[in-house]
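# Okay, here's the prediction I keep looking at, along with the sequence it came from:
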Amino acid sequence: MILVTVIMAMVTAGNSVSMWVAFHACLGTALVAASASVMNQWLERDRDAVMNRTCRRPLPSGNVASSQAAGMGWVLVLVGSVYLAVFVNLPTMWCGLATWGLYVWVYTPLKMLSWTNTLVGTLPGALPVWMGWTAAEGSLIDVRAWILLGVVVAWQLPHFMAIAYMYREQYAAAGYKMITVTDPSGRGAAWHAILGSLALIVLAVLSVPPVGLFASLLTVCAVAVALWQTVAAIRFVRAPDMKTARRMLHVSLLHLPLTMLLILLSYWIR
Ligand code: HEM
Ligand SMILES: CC(C)=CCC/C(C)=C/CC/C(C)=C/COP(=O)(O)OP(=O)(O)O
């Protein structure tokens with residue numbers, strides 16, 4: 001899904017991108033993102049062993065040695081960054097390194113320190129959008145680059161608050177300071193999800209602007225999808241439990257691809 005956000009941003013940046021640049025941008029992003037995942041699992045190997053959700057991963061299950069993982073993480077980020085610099089461009093490489101640094105060295109340690117970690121984590125989750133944007137030679141002072149970033153930032157709130165609630169006991173056992181651990185009532189998580197969903201309604205209008213009849217129909221669809229996410233968040237606020245949390249997660253997994261499709265359609269008919 002990260003790569004789908006990259007492709008969506010590349011297309012909507014407005015400069016026609018060759019298939020080769022698109023391919024190189026996706027492969028380079030995948031290499032740097034793979035490194036981020038490996039480094040995250042290397043740093044969290046002991047805590048991953050405690051959680052049922054993560055204990056079967058390669059490091060805690062003993063299939064990969066700690067030194068192998070660390071080596072692989074560093075090689076992947078090095079190869080991925082050089083690849084982006086050579087085959088795409090330097091701004092994309094810098095966006096990739098910033099995403100990687102924020103995820104591995106800011107978000108990952110912050111999970112042990114403060115419930116604000118998720119707010120920080122939304123940035124590396126969304127920044128690949130800017131990798132696609134810069135790969136297409138888009139300017140980062142263009143307001144549309146910020147709107148697209150905002151969509152993926154806001155989307156992660158209902159997405160992850162559902163997960164933080166579903167696995168709150170495992171997170172607590174591993175020592176993570178997720179908001180559902182520091183506030184087990186689920187109310188704090190629920191409000192994050194509501195605010196994220198409300199922001200998604202505004203961002204739906206901004207990212208799928210109603211300029212013309214068919215475009216307005218697409219705007220209505222984008223707002224309807226964001227409202228669907230908001231209703232799931234409201235149900236979770238009113239009764240935080242496994243059922244309402246799982247529903248909110250499932251809606252989020254449909255919300256982002258649907259919104260990206262509508263953004264692409266509204267770009268193509270312009
Ligand atoms: C703060 C940021 C994020 C956090 C903390 C987070 C965390 C998680 C976790 C823990 C799961 C596993 C749920 C389970 O085991 O039941 C998950 C699932 C998923 N996430 Fe995220 N995520 C974040 C951002 C993103 C982003 C940016 C994308 C893509 C654009 C994404 C796409 C997905 C998808 C497709 C799934 C379902 C597939 C799976 O269970 O592996 N997430 N997320
Ligand atoms: C180009 C590049 C570097 C892309 C990286 C994008 C990326 C990995 C985004 C994930 C965002 C995020 C905060 C995930 C949760 O990790 P977690 O540690 O909470 O998940 P876990 O508990 O399953 O390990």
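Nice, thanks for sending it over. Numbering: from 1, shown residues only. Ligands and ions are numbered 1, 2, ... in the order given.
# Do I have it right that residue 54 meets residue 46?
No - using Cβ atoms under 8 Å, residue 54 is not in contact with residue 46, being 10.9 Å away. (Each C-beta comes from the backbone N, C-alpha and C, glycine too.)
# Can you check which residues contact both of these two?
residue 60 (Cβ atoms under 8 Å, 6 or more residues apart in numbering).
# which residues in the chain form helices?
Taking DSSP state H to define them, one finds helices in the chain at 2-12, 19-43, 45-50, 66-87, 90-101, 108-110, 117-126, 128-135, 143-166, 168-174, 179-182, 187-207, 213-238, 242-268.
# What is the burial count for residue 224?
Residue 224 has 13 neighbours, counted by other Cβ atoms under 10 Å.
# returning to that earlier point: distance to residue 59 added to the helices of the chain, as CSV?
Converted to CSV, those look like this (distance: least, Cβ to Cβ, whole Å):
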stretch, distance to residue 59
helix 2-12, 21
helix 19-43, 6
helix 45-50, 4
helix 66-87, 6
helix 90-101, 19
helix 108-110, 14
helix 117-126, 20
helix 128-135, 24
helix 143-166, 21
helix 168-174, 14
helix 179-182, 23
helix 187-207, 28
helix 213-238, 32
helix 242-268, 25
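# what residues does the stretch 101-250 of the chain put near ligand 1?
Counting by Cβ under 6 Å from any ligand atom, the positions of the stretch 101-250 of the chain adjacent to ligand 1 are 118, 121, 122, 125, 152, 156, 159, 160, 163.
# quick one: which two of those are the most distant?
Distances among these were taken as Cβ to Cβ; the most separated pair is 152 and 163, at 16.1 Å.
# More neighbours: which of the two?
It is residue 152, of residue 152 and residue 163, that has more neighbours when counted by other Cβ under 10 Å, with 26 against 20.
# Next one: the more buried one from residue 77, what distance?
Distance, residue 152 to residue 77, using Cβ to Cβ, to the nearest Å: 21 Å.
# what does residue 50 give?
When Cβ to Cβ is applied, the distance between residue 50 and residue 77 equals 27 Å.
# go on, residue 208?
Counting by Cβ to Cβ, the gap from residue 208 to residue 77 is 35 Å.
# So which of these two has more stuff around it?
Ranked by neighbour count (other Cβ under 10 Å), residue 208 and residue 77 place residue 208 first, with 27 against 23.
# one step back: so residue 54 and residue 46 - more neighbours on which side?
Here residue 54 and residue 46 are compared on neighbour count by other Cβ under 10 Å; more neighbours surround residue 54, at 19 against 12.
# Now do the contacts for the more buried one.
Taking Cβ under 8 Å, 6+ apart, one finds 44, 47, 48, 60 in contact with residue 54.
# For residue 84, the count of nearby residues, please.
For residue 84, the count of nearby residues is 28 (other Cβ under 10 Å).
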